[in-house]
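# Generate a structure from the sequence data that follows.
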Amino acid sequence: MLALLALTPSAPAQWTNVAPGIAWRGFVLPGPVRVFVARADRRVKSWTVDSMTSLGEIKGGRETVPDMAARYTDTLQPDGRRLDIKVAVNGDYFDLKTGVALSGQILSGWFVKRYSDQTGSSGFFWTHDRRCVLGGNVQNGPQFQTVTFSDGARLKIHQLNEPRTNNALALYTWHYAPRTGTDRDGVEVLVRMSAPLGVSPPPGVEGRVLRVNRNTGNSPLPFNHVVLSAQGTAAEQLLAHAQLGQTLRIALDLKDSGNDEIGLPPADWRNARASLGAPRNILVNGHVPRDWEAKAARLIAEGKRAGSVIKDPRTGVAFNDRYLFFFVIDGRTTESIGMTFTEAALFCKEHLEATDAALLDGGGSSTLWVDGRVRNTPSGKGLEEKPGVLRPVANGFCIATLRPAKKSATFKPGQPVRLKPRGTLRLGPGTNFAALDEPAPTAPGAILDEPLNGHFAKGAFWWACRFGDIEAWAAETDLLPDRG
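Modelled structure (predicted):
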């Protein structure tokens, strides 16, 4: 049993509530080791879990955990409610140069990045019906992800929110970036989805083709839409089957076969709401696998570094039948030396009474933000990072309460409107969406029929509008009724 020492004044030694069902506390263990934990009671249904991506873009980039929390706070959910983020933590490992996460992501029910195949530990996911699940070995490549057209033709999706390659079909969701970033050598099809495009076995989620563009490239990515982008032979196939105004179905399936070596059963991802890659499951149904220890021994015998048995800063997620936990273990200082994989697993089992746990990116990335403040001390590493300085990361998890929907009735579908001279059109309902990089329209337009019309987010009520060929969102304060 890991003994518990008296806690320093910097963190509470008992659970401190920050919202109904959400609390946090600190631990100091022999070593010494400082651990900071946020806990959420799954019986309290006023909160949810989501993932975040840096700069709001899957394509790459880095942002601190507090800045991501600010970006996603007050953003709209499909039912018109808004996130009020209370807890945020860093997520998956990532490329330090590009900011691209190394594995997959599900964000607000949208499958936005593929997971690494057959790695033994794919990710943690939170479901719409409030379940916590650890993923095992998965397959989620082109053989599992397809688009089926109204004529019955079916094409494999070669890339999901990744740069399009030659003779390939890529799918871009609105989370990728403001635009696809493709060149003019291809075909791009804009599709409005009828529902969030999550993990979906065939026949998939229905969408309607709104545009078929040849030799244009770099298409905008509007809210609740996707773009099918193809080059070479794939472009010829896409042109042959994508018909303007017709429906199609997109299936983004994922097969999870579990991990027999650590006793992890196969998981069903179809109801996943939020997920990030988690490269190591350290506690499975109350059992600490310790499968990393034999590998570490081999590496050490070869004179190599074995990170799993080094005391380092750690970030992770844990859960039991009642609670979800996000935790950060400080390290690399005399105040807190960090933990090995095994020690982190035992902490989750013994002090949190968790049954399951997985590690996320650790080291200098480890950051736990609770109720407006970073609670741990990031360790830093290397010449450019100092202890206590936040490292920008690729993505993260958050726990958020849900602010009630607030709606305006100022405009109605079909109503003529004008954009004010200095008004801004955006790709979605909120200032978190990019502004259109096109000249502002001077001619009148009209309000579209959109379920989220008039809903409040990011300080304004938002309306979907059409101005000529442009469909976009505008804040109510940027619109005027057109009197003719």
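# Let me see the ranges of the helices in the protein.
65-72, 233-241, 291-301, 341-350 (DSSP state H).
# ok, and the helix or strand in this structure with the lowest average confidence?
Ranking every helix and strand in the chain by mean pLDDT, DSSP states H and E puts helix 291-301 at the bottom, with a mean of 91.
# What would that helix look like as PDB? C-alpha coordinates only.
The C-alpha trace of helix 291-301 is given here as PDB (Å, rounded to 0.1, in the frame of the first residue of the first chain):
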ATOM      1  CA  ASP A 291       3.300  -6.300 -19.100                       C
ATOM      2  CA  TRP A 292       5.600  -3.300 -19.600                       C
ATOM      3  CA  GLU A 293       8.100  -4.600 -16.900                       C
ATOM      4  CA  ALA A 294       9.500  -7.500 -19.000                       C
ATOM      5  CA  LYS A 295      10.000  -5.200 -22.000                       C
ATOM      6  CA  ALA A 296      11.700  -2.700 -19.700                       C
ATOM      7  CA  ALA A 297      14.100  -5.300 -18.400                       C
ATOM      8  CA  ARG A 298      15.000  -6.200 -22.000                       C
ATOM      9  CA  LEU A 299      15.700  -2.600 -22.900                       C
ATOM     10  CA  ILE A 300      17.800  -2.000 -19.800                       C
ATOM     11  CA  ALA A 301      19.800  -5.200 -20.500                       C
END
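# all numbers from here: first residue = 768
Yep, numbering from 768; the last one is helix 1058-1068 now.
# and it, what does it pack onto?
helix 1108-1117 (3 or more C-beta pairs under 8 Å, 6 or more residues apart in numbering; DSSP states H and E). Placement of C-beta: from N, CA and C, glycine included.
# If I average pLDDT within each of the helices of the chain, which one is lowest?
Lowest mean pLDDT of the helices of the chain: helix 1058-1068, a mean of 91.
# buried ones in that one?
By 16 or more other C-beta atoms under 10 Å, the buried positions in helix 1058-1068 come out as 1058-1059, 1063.
# I'd like the helices of the chain laid out as CSV, including distance to D952.
Below are the helices of the chain laid out as CSV (distance: least, C-beta to C-beta, whole Å):
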stretch, distance to D952
helix 832-839, 33
helix 1000-1008, 8
helix 1058-1068, 45
helix 1108-1117, 47
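# where in the chain is pLDDT low?
By pLDDT under 70, the weakly predicted segments of the chain are 768-778, 1149-1151.
# D896: what's it in contact with?
N1038 (C-beta atoms under 8 Å, 6 or more residues apart in numbering).
# Against K812, how distant is it?
D896 sits 11 Å away from K812, going by C-beta to C-beta, to the nearest Å.
# re the thing from before, tell me which of the helices of the chain sits nearest to F1234.
Closest approach to F1234 among these (C-beta to C-beta): helix 832-839, 27.2 Å.
# other SSEs contacting the closest one?
strand 814-820, strand 849-857, strand 1135-1137, strand 1162-1170.
# what would those strands look like in a markdown table with distance to E1069 and mean neighbour count?
A markdown table is the format used below for the helices and strands packed on helix 832-839 (distance: least, C-beta to C-beta, whole Å; neighbours: other C-beta atoms under 10 Å):
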| stretch | distance to E1069 | mean neighbour count |
| --- | --- | --- |
| strand 814-820 | 37 | 25 |
| strand 849-857 | 31 | 25 |
| strand 1135-1137 | 35 | 26 |
| strand 1162-1170 | 33 | 24 |
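# R1233: which of these is closest?
strand 849-857 (25.2 Å).
# Just the C-alphas of the closest one, formatted as PDB.
What follows is strand 849-857, C-alpha atoms only, in PDB (Å, rounded to 0.1, in the frame of the first residue of the first chain):
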ATOM      1  CA  ARG A 849     -23.300  25.000 -24.100                       C
ATOM      2  CA  LEU A 850     -20.200  23.600 -22.400                       C
ATOM      3  CA  ASP A 851     -19.100  25.200 -19.100                       C
ATOM      4  CA  ILE A 852     -15.700  23.600 -18.600                       C
ATOM      5  CA  LYS A 853     -14.700  22.900 -15.000                       C
ATOM      6  CA  VAL A 854     -11.800  20.500 -15.500                       C
ATOM      7  CA  ALA A 855      -9.300  20.100 -18.300                       C
ATOM      8  CA  VAL A 856      -6.200  17.900 -18.800                       C
ATOM      9  CA  ASN A 857      -3.700  17.300 -21.500                       C
END
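# neighbours of R921, just the number please.
When counting by other C-beta atoms under 10 Å, one arrives at 13 neighbours for R921.
# Excluding chain neighbours, what is closest to it?
T915 (4.7 Å; C-beta to C-beta, 6 or more residues apart in numbering).
# okay, the helices and strands packed on helix 832-839 in a markdown table with distance to L957 next?
Output for those, formatted as a markdown table (distance: least, C-beta to C-beta, whole Å):
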| stretch | distance to L957 |
| --- | --- |
| strand 814-820 | 22 |
| strand 849-857 | 27 |
| strand 1135-1137 | 36 |
| strand 1162-1170 | 26 |
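# For G919, which of the ones you listed is the nearest?
When the helices and strands packed on helix 832-839 are compared by C-beta to C-beta, strand 814-820 sits nearest G919, at 35.0 Å.
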